[in-house]
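> My questions are about this predicted structure, shown below with the sequence.
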Amino acid sequence: MLERRKTIPIGEAVQKIMEYQLHGVTEHVSINESFSRFLSEDLIATSDVPHFDRAPYDGFAVRSIDTTEASQSNPVEFEVVDHIGAGMVSKKVVGQNQAVRIMTGAMMPEGTDAVVMFEVAQDYEKDGKPFMSIKRSFKKGDNVSFIGEDAKEGEILVKKGTVINPGIQAMLATFGYNDVPVAKKPLVGLFATGTELLEVYEELVPGKIRNSNSHMIAAQIERAGGNVHYFGKLPDEFDTCFEAVKNALKEVDMLITTGGVSVGDFDYLPAIYKKLGAEVFFNKVAMRPGSVTTVAQYNRKILFGLSGNPSACYVGFELFARPIIRRMLFSKKPHLRREKAILEVDFLKANPFTRFVRSSVFIKDGRLKVAPSGLDKSNIIMSLSGANSLTILPGGTRGFTAGSEVEVLLLEDQTGSEWPW
Ligand SMILES: Nc1nc2c(c(=O)[nH]1)N[C@H]1C(S)=C(S)[C@@H](COP(=O)(O)OP(=O)(O)OC[C@H]3O[C@@H](n4cnc5c(N)ncnc54)[C@H](O)[C@@H]3O)O[C@H]1N2
Ligand code: MOO
Ligand SMILES: [Mg+2]
């Protein structure tokens, strides 16, 4: 007899998974390998930046007090007693009406408190000695880049769980993080199930199709920040699938399968979970596509039984597996970012369930707009290539007309959302 499944709302399904706390693990990687990894500790300023007062221009370091009387009609003369570039430190203590020729980035010599740019000074020689004169006054601190103006020692500059971008790379280097504490990438096991599946390089034959889901999910796992362990494809045979799933679980942090989760005669995943003794969180969600998505836990490892239908599989991954991966990367906002956008075209399909329409968001006339990226059926592959978002069309509506405001989940955004439901 057909097993009746209990349908639960999407928010409840996500909550059930998120309640299951899987923790992130720290590892240290060289700064050269840290780009696009997730920080596992707050990034703290280990020193002031800059850590010495320095010249922001090429010119002359002077004592501002010596410039007070300078004007167009009264040039004031300075003897140039030293000459330094960035990285050099002057040993001179600068006295009255003395100056040091200084280049951008060099440390301010003792006694000086202002920099005169070359453009406003006249330099010349007298008796074989260098001199310069100015026709305007300078205040203490004019053209000086002060200690700590960029960052103060001890400041928390970037929170843990943030993805490392080029700017963060610069900070890490500035503060001497040669080894960077990052979240270890969760290892996500992956199987494609289905007797109909061919490898990419195989010729098409009647009744068979090429396995596209595992290549798609592998990319989604990497986009989410995980590492993929692809175990291959399995035929729809109970014993083979059971053994493969049971063994694979020992090697990974979580396991994804695609296909075989519905009510068909060869859909073995529900029976596999049962024989394993796994705790099933849900096996029917009030959403399209992906309604058959099944999630369970066994031995503190989460099993994601994603649909075999490509679009359903894709959506199931983004809503349920992505937040778990991001959580293990210490993200405080592990879910897809939710924004409002204006629908560009009519979408008049009535549906009792919430739909997640593969869509393309774009900016037009300064506003975020959205349009479906292709056919909206769960067995469709082609609408996925142009999808950078999922438009949420709540259940119980008669569809939406162009110009309506709708909510979208952004697939390629790194900011994320704390809880979009
Ligand atoms: N009587 C019912 N039939 C179905 C129901 C239902 O509620 N009652 N649900 C439908 C929905 S909704 C979906 S979604 C699918 C889910 O099917 P399964 O998750 O069991 O997946 P399969 O049966 O194995 O395959 C479905 C479909 O997807 C193709 N497929 C599978 N794997 C791949 C792959 N790796 N790459 C590309 N395509 C793949 C497969 O050939 C099938 O066409 O069930 C409905 N049926
Ligand atoms: O689960 Mo199916 O993908 O809803 O269409
Ligand atoms: Mg099936």
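Looks like it arrived, so ask away. Residues are numbered from 1 along each chain as shown. Ligands and ions are numbered 1, 2, ... in the order given.

> Residue 98 contacts residue 78, correct?
Yes - here residue 98 reaches residue 78: they are 6.2 Å apart, a contact under Cβ atoms under 8 Å. Where you see a C-beta, it was placed from the backbone N, CA and C, and this is true even at glycine.

> Neighbour count: these two, which is higher?
residue 78 (25 against 21; other Cβ atoms under 10 Å).

> Need the three-state assignment for the more buried one.
Classification of residue 78 using DSSP: H, G, I helix; E, B strand; the rest coil returns strand.

> ok, now which ones touch it?
Contacts for residue 78 (Cβ atoms under 8 Å, 6 or more residues apart in numbering) come out as 60, 62, 66, 97, 98, 99, 131, 132, 133, 134.

> For the fourth one, give its distance to residue 240.
Read that as residue 97. 91 Å (Cβ to Cβ, to the nearest Å).

> now swap in the first one and tell me
When Cβ to Cβ is the yardstick, residue 60 and residue 240 sit 81 Å from each other.

> which of the two has more neighbours?
Shown here are residue 60 and residue 240; by other Cβ under 10 Å, residue 60 has more neighbours (24 against 13).

> Which strand or helix spans that one?
strand 59-62 (DSSP states H and E).

> Tell me which strands that strand pairs with, and in which orientation.
strand 98-102 (antiparallel), strand 114-117 (antiparallel) (DSSP bridges).

> for the shortest one, which positions count as buried?
So the one you mean is strand 114-117. 114, 115, 116 (16 or more other Cβ atoms under 10 Å).

> So which bits of the stretch 151-300 of the chain are right by ligand 1?
192, 194, 196-197, 209, 211-214, 258-264, 267, 289, 291-292 (Cβ under 6 Å from any ligand atom).

> coming back round to it: now the contacts of residue 78 in TSV, with pLDDT and distance to ligand 1?
Formatted as TSV, the contacts of residue 78 follow (pLDDT from 0 to 100; distance: Cβ to the nearest ligand atom, whole Å):
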residue	pLDDT	distance to ligand 1
60	98	71
62	98	73
66	98	79
97	98	82
98	98	78
99	98	74
131	98	80
132	98	76
133	98	80
134	98	76
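
> What subset of the residues you listed is buried?
60, 62, 66, 98, 99, 131, 132, 134.

> show me the contacts for the residue of the chain most remote from its centre.
Distance from the centre of the chain peaks at residue 127, with 63.0 Å (Cα atoms, centre = their mean). Residues counted as contacts of residue 127 (Cβ under 8 Å, 6+ apart): none.

> where does it land on pLDDT?
Looking at residue 127, its pLDDT stands at 94.

> ok, now how distant is it from residue 80?
13 Å.

> Do a quick rundown of the helices in the stretch 151-300 of the chain.
166-174, 213-224, 238-249, 269-276 (DSSP state H, counting those that start in this stretch).

> Just confirm yes or no for the second one near ligand 3.
It stands for helix 213-224. No - interface with ligand 3: helix 213-224 contributes nothing (Cβ under 5 Å from the ion), its closest point being 12.7 Å away.

> could you check whether that helix is close to ligand 2?
No - between helix 213-224 and ligand 2, judged by Cβ under 6 Å from any ligand atom, nothing touches; the nearest distance is 12.3 Å.

> just to revisit the earlier point, which one of the buried ones among the contacts of residue 78 sits closest to ligand 3?
residue 60 (79.7 Å; Cβ to the ion).

> Could you list which residues are in contact with the closest one?
Counted by Cβ under 8 Å, 6+ apart, residue 60 has contacts 78, 80, 99, 100, 101, 102, 115, 116, 118, 121, 132.

> hmm, try it at 10 Å
78, 80, 98-102, 112, 114-118, 120-121, 123, 132, 134 (Cβ atoms under 10 Å, 6 or more residues apart in numbering).

> Across the sheet, point out what pairs with it.
residue 101, residue 116.

> Just give me the neighbour total for the residue lying closest to residue 399 once chain neighbours are set aside.
Leaving out its chain neighbours, the residue that sits closest to residue 399 by Cβ to Cβ, 6 or more residues apart in numbering is residue 348, at 3.6 Å. As a burial measure, residue 348 scores 9 neighbours (other Cβ under 10 Å).

> What is the neighbour count of the closest residue to residue 382 other than its chain neighbours?
Counting by Cβ to Cβ, 6+ apart, residue 382 lies nearest to residue 374, which is 5.2 Å off, once chain neighbours are set aside. Neighbouring residues of residue 374 were enumerated by other Cβ under 10 Å; the total is 18.

> Contact partners for residue 374?
Listed by Cβ under 10 Å, 6+ apart, the contact set of residue 374 reads 311, 357-360, 380-387.

> For PyMOL, write a command that selects the buried ones of those.
Buried subset of the contacts of residue 374, written as a PyMOL selection, criterion 16+ other Cβ under 10 Å:
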select buried, resi 311+357+358+359+360+380+381+383+384+387
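
> Let me know the closest of the contacts of residue 374 to ligand 3.
Among the contacts of residue 374, and counting by Cβ to the ion, the member closest to ligand 3 is residue 311, at 14.6 Å.

> residues from this structure in reach of ligand 2?
Contacts of the chain with ligand 2, taken as Cβ under 6 Å from any ligand atom, map to 288, 289, 290, 291, 292, 307, 309, 312, 378.

> Fine, thanks again, bye for now.
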